[in-house]
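Colleague: Could you work out the structure for the sequence below:
(2 chains)
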2 protein chains.
Amino acid sequence: MEESALRREDKKVVAVVGAGLVGALNACFFAKRGFEVEVFETREDIRKAKVVKGRSINLALSHRGRTALKHVGMEDKIVSKGIPMNARMIHSLSGKQSPIPYGKKGQYILSVDRANLNKELLTAAETYPNTKLNFDHKLQDWSAETGLMTFARPHGSKTQTQADLIVGCDGAFSAVRKQFLRRSRFNYSQTYIPHGYMELTMRPRNGEFAMKPNYLHIWPRNTFMMIALPNLDKTFTCTLFMPFEEFEKISTGDEVIEFFQKYFPDAIPLIGAATLRRDYFRLPAQAMVSVKCSPYHIGDKCVLMGDAAHAVVPFYGQGMNAGFEDCIVFDEIMNQFNEDFSAVLPEYSRVRVPDDHAIADLAMYNYVEVFSPALWSSGLLVIHSLEAGKTHSLFLCRKTSCFKISQRDL
Amino acid sequence: MEESALRREDKKVVAVVGAGLVGALNACFFAKRGFEVEVFETREDIRKAKVVKGRSINLALSHRGRTALKHVGMEDKIVSKGIPMNARMIHSLSGKQSPIPYGKKGQYILSVDRANLNKELLTAAETYPNTKLNFDHKLQDWSAETGLMTFARPHGSKTQTQADLIVGCDGAFSAVRKQFLRRSRFNYSQTYIPHGYMELTMRPRNGEFAMKPNYLHIWPRNTFMMIALPNLDKTFTCTLFMPFEEFEKISTGDEVIEFFQKYFPDAIPLIGAATLRRDYFRLPAQAMVSVKCSPYHIGDKCVLMGDAAHAVVPFYGQGMNAGFEDCIVFDEIMNQFNEDFSAVLPEYSRVRVPDDHAIADLAMYNYVEVFSPALWSSGLLVIHSLEAGKTHSLFLCRKTSCFKISQRDL
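Modeller: A predicted model of the protein is given here:
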């Protein structure tokens, strides 16, 4: 009894700020290593919440993400609740559908439900006796010197906790990151793209999926685009992407139908005209931001992971997957440096920053590619440097042309 | 009497946050237009302060800056206290000096004393009866909806003021800008360069300048560089630029001398070995940041100008000058739109963002050019898009080469 008490005293405390996808997964990684893990989340427990606000409803889980889930024994459970998508299904204006496979036969990405994935990961984290989840804890301030954090609680009270390591997994608008921004020599950028997005639901028809389920459906329309991912309940979540000013042009139900008739006529009967008229106005179009920063750590006390370190635009389907991979990379460096935070954190920044920046660039490049005529006409000049190993590829997009200068050209 | 009181009531209040160079100049511009101008500055009045902390001692005033000073009748006064620099004077390793003129015969830029320029502008602003300078006012919070600002005063007290327009001229680490960062669709980047800088003083010799005064002296040394600007008191302010890790390698007086003997031997007798040994350790090397953002305004209530909107690296000599030019551009748009803030502010962002971004890019390009071997060896990849009118020039710098792709090449 005394020995166990002593061992408990010796344990280092890791505070994971944010109980979203990457925070919950990371809690499992740190718990597995035997740390005293405390997770702090601004919002209530989504497993008890009635309405889950914000963020997209479903996500594409790929190899990177699955590998990370496997590390904490969660892969099978999550995969069993995902829907394989073997190909993109391109919808032409006339309604013709043409598949473009993601890879070789048998290869696929998985459509997974964000809320369910998050709930499963929270429950998994909670199975470790050395993990405690703290909801309704909004980070107000923290010290990079002492690891002391101050949280606002409901009804105006405050609480303080100290940790040996603070892991900021609190998303694109990270409260942990604010402290980084105040420090000298922290590089940071946030770039909002001119497009917004809106989610619409396509209900089942006669108890079955309204379209072929094992595809990521895409309606490419130059400046506009709609995609649809299948859900377990046989609905599809449709996401409409277009420039904010185009969203704002539509202000009545008739205009919604007119717009869909012009650009996505085959989707009207599938979603339903009445649903379209109503759902289009339920929420305003949401903004999309790309965040890049460097370094990811301060001293031996704090590290940023997931969207807090590298929010990306969704056009490469690798935001969550890259965040999950962050956990594996950190875990490997923990092995390499014997859990010595003063060595692990700088190494993590050194190794991870270039790869995350490459993912962010690839996502932005895909955005440019998908919507390029729109961007050209707006005069946007986007230059990409895709760094993978030793290969630099530059993509130059101008009003009149968009092309790649390969390493050979340089 | 009653009529004058009424007129006073009608006057709109413009709050200028920051009493640095751009803030003080801007106060003159707004005062000249008849606004009720309130200037708020975190620090004490530099005209009364014993020690002025931070920032470089002298600056190069060029055409842009002079034009803005002329608008408020300050050009002659400031120019009379500046020292013309007709050319750069390049110092080779052997001590040979070669001039490179700035322009045609008779053209020059002016070395001006930052503190004196700031003091003169504050005094000029105060000559307007409708201007009030408030020192020791640190902005804590402000509302983009109401224009209400909260300031922290010395000894823990607080004060609130409301303005019709808040003009954020509070520098690279702007407190006003923090509110912008919290809003959606605000694009922002801060980039620290790997170089730091340190200022050293070269005293007069026998009552005269130690070097030829009408030059900007430059010692280019690949990864290192020193420059020297003349001051009215016949000293020169020398600024040593080098990567932070190089600064950190030098930890004793002997190492300082050894370093100067290797790279700047002709400067040792000019600065003096004893001075060098002492002054090198007086302050740590300072960081340099490039800040770009967009838009510059929120609604009809707030606008950012000067370094708060576009801090640049100093290698193009246009930071202050671009900030001064901001004041003219805003003033012209005020004429154009009849001082209607709801029209002036969006137009200012539309017109000014691309030009300020171009200045920031040019400054960064000059940084790359000056120190390029150092950057190549650090693997930094810098891509520049210099947009002037319809010409795009791209500068690609890689480990092994740095070259320009002109529009024709594209």
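Colleague: Only C-alpha atoms from now on, for both contacts and neighbour counts.
Modeller: Noted.
Colleague: what about the longest strand belonging to chain A and chain B, any contact?
Modeller: Determined from DSSP state E, the single longest strand within chain A is strand A:187-202. Yes. For strand A:187-202, a contact with chain B is found by CA under 8 Å from any CA of the partner chain, at A:187, A:188, A:189, A:190, A:191, A:192, A:193.
Colleague: Now the stretch 51-200 of chain A against chain B: closest residue?
Modeller: Nearest residue of the stretch 51-200 of chain A to chain B: residue A:189, at 3.9 Å (CA to the nearest CA).
Colleague: Which of the residues of strand A:187-202 next to chain B has the largest number of neighbours?
Modeller: Counting neighbours by other CA atoms under 10 Å in any protein chain shown, residue A:190 comes out on top of the residues of strand A:187-202 next to chain B with 23 neighbours.
Colleague: how far does the longest strand of chain A sit from the chain's center?
Modeller: Relative to its parent chain, strand A:187-202 has a centroid offset of 12 Å by CA atoms, centre = their mean, to the nearest Å.
Colleague: tell me what the helix or strand where residue A:262 lies is packed against?
Modeller: Secondary structure assignment for residue A:262, by DSSP states H and E: helix A:253-263. The contact analysis (3 or more CA pairs under 8 Å, 6 or more residues apart in numbering or on different chains; DSSP states H and E) places helix A:253-263 against helix A:267-271, helix A:273-279.
Colleague: Poorly predicted segments of chain A, please.
Modeller: A:1-9, A:51-55, A:372-410 (pLDDT under 70).
Colleague: quick check: longest helix of it.
Modeller: helix A:341-377 (DSSP state H).
Colleague: related to what we said a few turns ago, what's the longest strand of chain A in contact with?
Modeller: A:56, A:181, A:210, A:235-244, A:270-272, A:276, A:279-280, A:283-295, B:185-192 (CA atoms under 8 Å, 6 or more residues apart in numbering or on different chains).
Colleague: Filter those residues down to the buried ones.
Modeller: A:56, A:210, A:235-244, A:270-271, A:276, A:280, A:285-295, B:185-192 (16 or more other CA atoms under 10 Å in any protein chain shown).
Colleague: now the residue in the stretch 201-350 of chain A that chain B sits nearest to, nearest residue through space, not along the chain?
Modeller: In the stretch 201-350 of chain A, the residue that lies nearest chain B is residue A:287 (7.0 Å; CA to the nearest CA). Nearest non-adjacent residue to residue A:287, counting by CA to CA, 6 or more residues apart in numbering or on different chains: residue A:196, 4.8 Å away.
Colleague: Would you tell me which residues of the stretch 201-350 of chain A are close to chain B?
Modeller: Residues of the stretch 201-350 of chain A found near chain B (CA under 8 Å from any CA) are A:287, A:289.
Colleague: does residue A:219 have beta-bridge partners, and which?
Modeller: Following DSSP bridges, residue A:219 is listed with bridge partners residue A:226.
Colleague: residue contacts, it?
Modeller: The contact partners of residue A:219, taken as CA under 8 Å, 6+ apart, are A:90, A:91, A:92, A:93, A:225, A:226, A:227, A:264.
Colleague: and these as a markdown table, adding neighbour count?
Modeller: Shown next, in a markdown table, are the contacts of residue A:219 (neighbours: other CA atoms under 10 Å in any protein chain shown):
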| residue | neighbour count |
| --- | --- |
| A:90 | 19 |
| A:91 | 21 |
| A:92 | 17 |
| A:93 | 16 |
| A:225 | 18 |
| A:226 | 22 |
| A:227 | 20 |
| A:264 | 22 |
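Colleague: For the residue nearest to residue A:287, the count of nearby residues, please.
Modeller: 20.
Colleague: re the thing from before, what are the pairing partners of the longest strand of chain A, and which direction each?
Modeller: Paired neighbours of strand A:187-202 in the sheet (DSSP bridges): strand A:236-243 (antiparallel), strand A:286-294 (antiparallel), strand B:187-202 (antiparallel).
Colleague: so how far is residue A:93 from the closest residue to residue A:243 other than its chain neighbours?
Modeller: Spatial nearest neighbour of residue A:243, chain neighbours left out: residue A:195 (3.9 Å); criterion: CA to CA, 6+ apart. Distance of residue A:195 to residue A:93, computed by CA to CA, to the nearest Å: 21 Å.
Colleague: and if you look at residue A:323?
Modeller: 36 Å.
Colleague: same question, residue A:43
Modeller: Residue A:43 is 42 Å from residue A:93, by CA to CA.
Colleague: that older thread, chain center to the helix holding residue A:262, what's the gap?
Modeller: Relative to the mean C-alpha coordinate of its chain, helix A:253-263 is positioned 30 Å out (CA atoms, centre = their mean).
Colleague: quick one: buried residues of that helix?
Modeller: Using 16+ other CA under 10 Å as the test for burial, helix A:253-263 gives A:253, A:256, A:257, A:260, A:263.
Colleague: wait, what's in contact with the second one?
Modeller: Contact criterion CA under 8 Å, 6+ apart gives A:250, A:276, A:277, A:280 as the residues in contact with residue A:256.
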